[in-house]
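J.: what follows is a predicted protein model with its sequence.
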Amino acid sequence: MSLFGNKNRECPSCALESDSGHEECPYCGYEFPESSKGQTVMALLFLLLMLLWLLTAIF
Ligand SMILES: [Zn+2]
(Lines give C-alpha, C1' and ligand atoms only; values in the text may rest on other atoms or scores of the structure.)
Protein backbone atom coordinates (compact mmCIF):
# COMPACT_ATOMS: atom_id res chain seq x y z
CA MET A 1 0.00 0.00 0.00
CA SER A 2 1.42 3.35 -0.96
CA LEU A 3 0.43 6.68 0.53
CA PHE A 4 1.97 8.56 -2.37
CA GLY A 5 0.06 7.26 -5.32
CA ASN A 6 2.34 5.67 -7.88
CA LYS A 7 5.60 7.03 -6.52
CA ASN A 8 6.41 3.53 -5.36
CA ARG A 9 5.91 0.41 -7.31
CA GLU A 10 5.60 -3.12 -6.19
CA CYS A 11 8.13 -5.62 -7.35
CA PRO A 12 6.32 -8.48 -9.10
CA SER A 13 9.09 -10.82 -8.05
CA CYS A 14 9.41 -10.22 -4.30
CA ALA A 15 6.27 -8.08 -3.75
CA LEU A 16 8.24 -5.40 -1.92
CA GLU A 17 7.66 -1.76 -2.75
CA SER A 18 10.51 0.37 -3.93
CA ASP A 19 11.00 3.86 -5.27
CA SER A 20 9.81 4.06 -8.86
CA GLY A 21 13.07 5.74 -9.82
CA HIS A 22 14.85 2.42 -9.60
CA GLU A 23 15.29 0.51 -12.81
CA GLU A 24 15.55 -2.70 -10.88
CA CYS A 25 14.34 -3.92 -7.53
CA PRO A 26 16.85 -2.97 -4.82
CA TYR A 27 15.82 -6.01 -2.81
CA CYS A 28 15.91 -8.89 -5.23
CA GLY A 29 17.44 -7.32 -8.34
CA TYR A 30 14.38 -7.85 -10.51
CA GLU A 31 14.60 -5.59 -13.55
CA PHE A 32 11.42 -3.66 -14.02
CA PRO A 33 10.24 -3.56 -17.61
CA GLU A 34 10.42 -0.13 -19.19
CA SER A 35 6.73 0.31 -18.83
CA SER A 36 6.21 4.02 -18.23
CA LYS A 37 6.92 5.18 -21.77
CA GLY A 38 5.25 2.22 -23.39
CA GLN A 39 2.19 2.61 -21.24
CA THR A 40 1.93 6.30 -22.10
CA VAL A 41 2.14 5.58 -25.81
CA MET A 42 -0.40 2.80 -25.52
CA ALA A 43 -2.71 5.05 -23.52
CA LEU A 44 -2.45 7.78 -26.15
CA LEU A 45 -3.11 5.31 -28.95
CA PHE A 46 -6.08 3.95 -27.05
CA LEU A 47 -7.45 7.46 -26.54
CA LEU A 48 -7.03 8.21 -30.24
CA LEU A 49 -8.81 5.01 -31.16
CA MET A 50 -11.64 5.83 -28.77
CA LEU A 51 -11.92 9.32 -30.25
CA LEU A 52 -12.02 7.91 -33.78
CA TRP A 53 -14.58 5.35 -32.73
CA LEU A 54 -16.71 8.05 -31.12
CA LEU A 55 -16.48 10.27 -34.19
CA THR A 56 -17.45 7.44 -36.55
CA ALA A 57 -20.26 6.45 -34.21
CA ILE A 58 -21.68 9.97 -34.11
CA PHE A 59 -21.44 10.80 -37.80
ZN1 LIG B 1 12.07 -7.47 -5.81
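T.: Looks like it arrived, so ask away.

J.: flag every residue of this protein that's near the ion.
T.: Counting by CB under 5 Å from the ion, the residues of the chain close to the ion are 11, 13, 14, 25, 27, 28, 30. In short, each C-beta sits where N, CA and C put it, glycine included.

J.: of those, buried ones?
T.: Neighbour-count burial (16 or more other CB atoms under 10 Å) is assigned, among those, to 11, 25, 30.

J.: can you pull the contacts of residue 22?
T.: Shown in contact with residue 22 (CB atoms under 8 Å, 6 or more residues apart in numbering): residue 32.

J.: phi and psi next, for it.
T.: Dihedral angles of residue 22 (phi, psi; degrees, to the nearest 10) stand at phi -70, psi 140.

J.: count the neighbours of the residue lying closest to residue 24 once chain neighbours are set aside for me.
T.: Sequence neighbours aside, residue 31 is the residue nearest to residue 24 in space, at 4.4 Å (criterion: CB to CB, 6 or more residues apart in numbering). Residue 31 has 10 neighbours, counted by other CB atoms under 10 Å.

J.: going forward, the N-terminal residue is numbered 625.
T.: In the new numbering, first residue 625, that becomes residue 655.

J.: list the contacts of residue 655.
T.: 647, 648, 649.
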